[in-house]
Every structure is written in structure tokens, then in C-alpha cells.
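Asker: build the 3D model from these lines:
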Amino acid sequence: MTQRDRKIAEELKTRLSEAVTLIDFKVFGSRARGDSEEYSDMDVFLEVESISKDLKEKISDIIWEVGFNNYLIISSLIFTREEIENSPLRASPILKNINSEGIRI
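Answerer: Next up, the predicted model:
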């Protein structure tokens, strides 16, 4: 992960932490692996205790704003602890990928 990407991810985490209690925040994908191209998006994984429609919209607004201000598209996956621990999602290949290559911020 580049220094610029880490700075953007830290800014995003700080901004999101003001709106929601984050259990986990990771960057994954090409930016985490360090093989991104100039216009690659930044993939982020958020684990939260619970989520509502309003909170999801607020998170989306913050992600868009941070991305816009940094000329970067940020794509997010948002899951609750319940979904990760007690649903078929816990065996999902995407979660396995995030856990193996993701960088916790």
C-alpha cells in the first residue's frame, strides 16, 4: 500500500468513526496488494455492530466525499458482526480474501 493510499484510508476511517462504531476497517484488493494502477478504485471493508438504512446512507456520503476530495473512487463492503459470525457469509470467498490480503487501518 502506498503512503498516499494509507493516508486516504486513515482519513476515511477517522471520518467514519465519527458517524459509526467500527469493529474492523481494512483496505483490500489491488491497493492493498500494491499492484493498483492510476485509476484503480480503493476497496474497503467495514464491520459494524449494526446498520440501518439511514446509517448506510451516511456512510456512503462520507465515503463519496473522501473519495471525491482525493480524486479516488472508493468501493465499500459493509457487514455487521452478526452477518459475519452467524450467517453463510462467514464462509464467503470474499471474506477469506479480505482476511488474507486486507490491511487493517
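Asker: for residue 22, list each beta-bridge partner.
Answerer: residue 48 (DSSP bridges).
Asker: what is the neighbour count of it?
Answerer: 15 (other Cβ atoms under 10 Å). All C-beta atoms are positioned from the backbone trio N, CA, C, and that covers glycine.
Asker: which pLDDT value goes with it?
Answerer: The model reports residue 22 with a pLDDT of 95.
Asker: was I right to think it contacts residue 15?
Answerer: No. Using Cβ atoms under 8 Å as the test, residue 22 is too far from residue 15 to be in contact (10.8 Å).
Asker: now the most centrally placed residue in the chain: which helix or strand?
Answerer: With distances taken as Cα atoms, centre = their mean, the residue of the chain nearest its centroid is residue 44 (2.2 Å). Of the helices and strands defined by DSSP states H and E, residue 44 is found in strand 42-48.
Asker: now do the contacts for residue 65.
Answerer: residue 15 (Cβ atoms under 8 Å, 6 or more residues apart in numbering).
Asker: residues in contact with the residue nearest to the centre of the chain?
Answerer: Neighbour list for residue 44: 9, 12, 25, 26, 27, 28, 63, 74, 75, 76, 77 [criterion: Cβ under 8 Å, 6+ apart].
Asker: how close does the third one sit to residue 7?
Answerer: Looking back up the chat, that one is residue 25. 14 Å (Cβ to Cβ, to the nearest Å).
Asker: that older thread, reformat the contacts of residue 44 as a markdown table; add neighbour count and secondary structure.
Answerer: Output for those, formatted as a markdown table (neighbours: other Cβ atoms under 10 Å; DSSP: H, G, I helix; E, B strand; the rest coil):
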| residue | neighbour count | secondary structure |
| --- | --- | --- |
| 9 | 23 | helix |
| 12 | 25 | helix |
| 25 | 21 | strand |
| 26 | 20 | strand |
| 27 | 26 | strand |
| 28 | 20 | strand |
| 63 | 21 | helix |
| 74 | 22 | strand |
| 75 | 11 | strand |
| 76 | 19 | strand |
| 77 | 14 | strand |
